[in-house]
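Participant: Sequence and computational prediction follow.
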Amino acid sequence: MLALLAAVTGPVAPAAANPGPAGAGTSAVSAPGPDRQAPPGAVTYREQGTRNPTGTCTFTTEGKRDARKGPAVLFFTELSYDPGTCSRTMARVEYSPDDVPPALARRFEQRDERGQERTESGEKAPAPRSNAAAGEMTVIPFWVEAQAWWEDKVYIDLTMTRSRVSGAFVLEDLGRYGASYHESYWYWFDTSGWRRDSADNLFHADFYNALTNTVGTFSNPIFYLPGICDGIGQVTYSGHPHTFVYYSAGFVGYSLVLERAGNCRAGMVENFAVWIA
């Protein structure tokens with residue numbers, strides 16, 4: 001059950017492993033791509049994806065942050081995409097929760113409330129504990145939520161997965177304390193032909209770790225925008241293999257993996273958002 005956590009987190013480091021110009025498989029660019037504008041304050045970078053034997057193109061965004069650093073909102077958006085080379089231009093920006101531009105905040109929330117499902121759990125770990133004496137315990141809440149979604153050119157959400165895990169930890173030994181809350185959420189815009197083909201999720205909590213992973217695969221046999229997607233009637237795939245958030249020994253983190261197939265150069269725009277509190 002913890003294999004996924006171990007594969008994503010690795011050794012705990014003193015700073016976040018942020019993607020972007022310095023990350024593996026990326027290179028810095030001087031200006032946003034031609035299809036969209038970067039949000040205020042964003043850094044832009046070029047990212048090379050992985051083409052799979054099935055023809056899908058996969059991109060991964062991940063990082064972690066000291067849970068004691070305080071709240072933040074991270075936002076990643078695709079500025080341009082080249083299906084021929086399986087590469088794209090991305091923008092990344094970090095805001096404090098009070099400084100998120102209103103137009104961007106609305107993009108996090110706007111969607112037609114059809115074709116959706118939510119699974120949640122208030123599972124508790126074993127009895128609260130700590131290596132610190134009771135009078136020395138400092139209990140600090142943690143909360144991390146990650147959302148991965150595809151938009152069309154006019155900012156209509158097409159498919160989405162979202163994961164959340166929250167709870168508390170003991171500052172003196174970084175162990176988890178008491179209950180954890182998990183949520184998995186799926187959304188698909190069935191009005192334009194999108195459907196969810198499969199879904200899975202994982203909730204886990206022990207003394208030092210808590211995680212939520214949400215998985216979904218989506219397809220659309222009719223999605224077509226003239227001049228943007230090549231060919232009418234081609235099945236377009238949108239896969240969400242991992243929307244993974246976790247707490248582990250004083251750090252909160254995320255790993256977001258999305259894949260796509262079809263020749264829609266700019267008809268589908270990928271976004272990630274991560275909330276940390």
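Facilitator: Sure, I can see it. Residues are numbered from 1 along each chain as shown.
Participant: mind listing the helices for the chain?
Facilitator: With DSSP state H applied, the chain shows helices at 3-9, 102-109, listed in chain order.
Participant: which stretch in those has the least confidence?
Facilitator: The stretch with the lowest mean pLDDT among these is helix 3-9, which comes in at a mean of 53.
Participant: tell me the contacts of the nearest residue to residue 51 once chain neighbours are set aside?
Facilitator: Nearest-residue entry for residue 51: residue 86, 4.6 Å, with adjacent residues in sequence omitted and distances by CB to CB, 6 or more residues apart in numbering. Backbone N, C-alpha and C define where each C-beta goes, glycine included. Taking CB atoms under 8 Å, 6 or more residues apart in numbering as the definition of contact, the neighbours of residue 86 are 48, 49, 50, 51, 57.
Participant: one more time with 6 Å
Facilitator: Counting by CB atoms under 6 Å, 6 or more residues apart in numbering, residue 86 makes contact with 49, 51, 57.
Participant: same question, residue 150
Facilitator: Contacts were defined as CB under 6 Å, 6+ apart; by that measure residue 150 touches 158, 159, 238, 268, 270.
Participant: Residue 186 versus the fourth one, what's the distance?
Facilitator: Shown here: residue 268 relative to residue 186, a distance of 17 Å by CB to CB, to the nearest Å.
Participant: And for the third one?
Facilitator: As judged by CB to CB, residue 238 and residue 186 stand 12 Å apart.
Participant: Which of those two has more residues huddled nearby?
Facilitator: More neighbours sit around residue 238 than around the other of residue 238 and residue 186, counting by other CB atoms under 10 Å; the figures are 30 against 22.
Participant: Show the contacting residues for the more buried one.
Facilitator: 150, 159, 218, 260.
Participant: redo that, cut-off 10 Å
Facilitator: Applying CB atoms under 10 Å, 6 or more residues apart in numbering, one finds that residue 238 lies in contact with 56, 148-150, 158-161, 188, 194, 196-197, 216-220, 223, 258-262, 264, 268, 270.
Participant: same deal with residue 52?
Facilitator: Here residue 52 is in contact with 58, 86, 239, 259, 261 (criterion: CB under 10 Å, 6+ apart).
Participant: For residue 232, report the pLDDT, please.
Facilitator: Per-residue confidence (pLDDT) for residue 232: 51.
Participant: what about residue 121, distance to residue 269?
Facilitator: Counting by CB to CB, the gap from residue 121 to residue 269 is 32 Å.
Participant: Helix or strand, whichever it is, which one in this structure has the lowest mean pLDDT?
Facilitator: Using mean pLDDT, DSSP states H and E, the weakest-scoring helix or strand in the chain turns out to be strand 26-28, at a mean of 32.
Participant: follow-up on the earlier one: now the contacts of residue 52: which count as buried?
Facilitator: Those of the contacts of residue 52 that meet the buried threshold are 86, 239, 259, 261, by 16 or more other CB atoms under 10 Å.
Participant: Now do the contacts for the residue nearest to the second one when sequence neighbours are not counted.
Facilitator: Put plainly, it is residue 239. The shortest distance from residue 239 to any residue other than its chain neighbours is 4.0 Å, reached at residue 259 (CB to CB, 6+ apart). With contacts defined as CB under 10 Å, 6+ apart, the neighbours of residue 259 are 49-52, 54-60, 217, 237-241, 270.
Participant: so what's residue 259 bridging to?
Facilitator: Following DSSP bridges, residue 259 is listed with bridge partners residue 58, residue 239.
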